[in-house]
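One predicted model, sequence on top.
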Amino acid sequence: MTTSNNQKRAMKSASRLYAVQALFQMEHSSQSIDAVRAEFEDHRFGAIYEGEEMIEGDIDTFRGLLEGAVSEQSQIDQLADRAIVETWKIDRIDPTLRALFRAAGAELVAKKTPPKVVIVEFVDVAKAFFPDGREPKFVNAVLDHMAREAQPDAF
């Protein structure tokens, strides 16, 4: 069975959300990247929660974000720190936002996706986690700053 471009985009978008969840879980459970990756790929992709079927994730996107966020965490956290107001550091930020900045940062540092696409996608992820809050605007501002530093030639 072939996958349409719309399905591929939806699967990549889902993988970004799953990567944020996985990074959050790793931070709060002290589980290894291998354990969390296996759990998500085996049990979360396409799972049914409260009668709703979760979309399948794109394995390559998910793994790339997860592994990139872990291996480049120091560089990504520095990018995020510089993008966040001086009085706030990434370790004082909401853990969900911290995971989001790390997943987005991994995609920005990898330089395989246009930064504006990364920003739009992760602002959508922020809206999923914070549907009524001001966090999506904060995420947009921080990611714009991170993107301009990580990929200045793209602007």
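Looks like it came in fine. Residues are numbered from 1 along each chain as shown.

From here on, just use CA atoms for contacts and neighbour counts.
Noted.

how about the helices in the protein?
5-29, 33-39, 59-71, 73-83, 95-110, 115-129, 135-150 (DSSP state H).

Just name the most buried of those helices.
Compared across the helices of the chain, helix 95-110 shows the largest average neighbour count, a mean of 24 (mean count of other Cα atoms under 10 Å).

can you list the residues that contact that helix?
For helix 95-110, the external contacting residues (Cα atoms under 8 Å, 6 or more residues apart in numbering) are 16, 19-21, 23-24, 64-66, 68-69, 72-73, 76-77, 79-80, 90-91, 113, 115, 118-119, 122, 125-126, 139, 143, 146-147, 150-151.

show me where pLDDT drops low in the protein?
For the chain, the stretches flagged by pLDDT under 70 are 1-2, 86-87.

okay, which residue is most central for it?
Centrality entry for the chain: nearest residue to the mean C-alpha point is Ala103, 3.3 Å, by Cα atoms, centre = their mean.

separation between that one and Gln25?
13 Å (Cα to Cα, to the nearest Å).

cool, Ala104 as well?
Ala104 sits 16 Å away from Gln25, going by Cα to Cα.

Which residues are in contact with Asp58?
8, 11-12, 14-15.

and the nearest residue to Val123 once chain neighbours are set aside, what does it touch?
Of all residues not flanking Val123 in the chain, Pro136 sits nearest, at 5.4 Å (Cα to Cα, 6 or more residues apart in numbering). For Pro136, the contact set (Cα under 8 Å, 6+ apart) comprises 123-124, 126-127, 130.

If we use 10 Å, what do you get?
Taking Cα atoms under 10 Å, 6 or more residues apart in numbering, we find Pro136 in contact with 97, 122-130, 142.

want to try a markdown table for the helices of the chain, with distance to Ile48 as columns?
Listed next are the helices of the chain as a markdown table, based on distance: least, Cα to Cα, whole Å:
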| stretch | distance to Ile48 |
| --- | --- |
| helix 5-29 | 14 |
| helix 33-39 | 14 |
| helix 59-71 | 18 |
| helix 73-83 | 31 |
| helix 95-110 | 22 |
| helix 115-129 | 18 |
| helix 135-150 | 27 |
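
and of those helices, who's closest to Phe45?
Proximity to Phe45 (Cα to Cα) singles out helix 5-29 among the helices of the chain, at 8.3 Å.

I'd like to check the angle between the closest one and helix 59-71, please.
Put simply, helix 5-29 runs at 30 degrees to helix 59-71, going by axes from the mean of the first three to the mean of the last three Cα atoms, to 10 degrees.

Perfect, that will be all.
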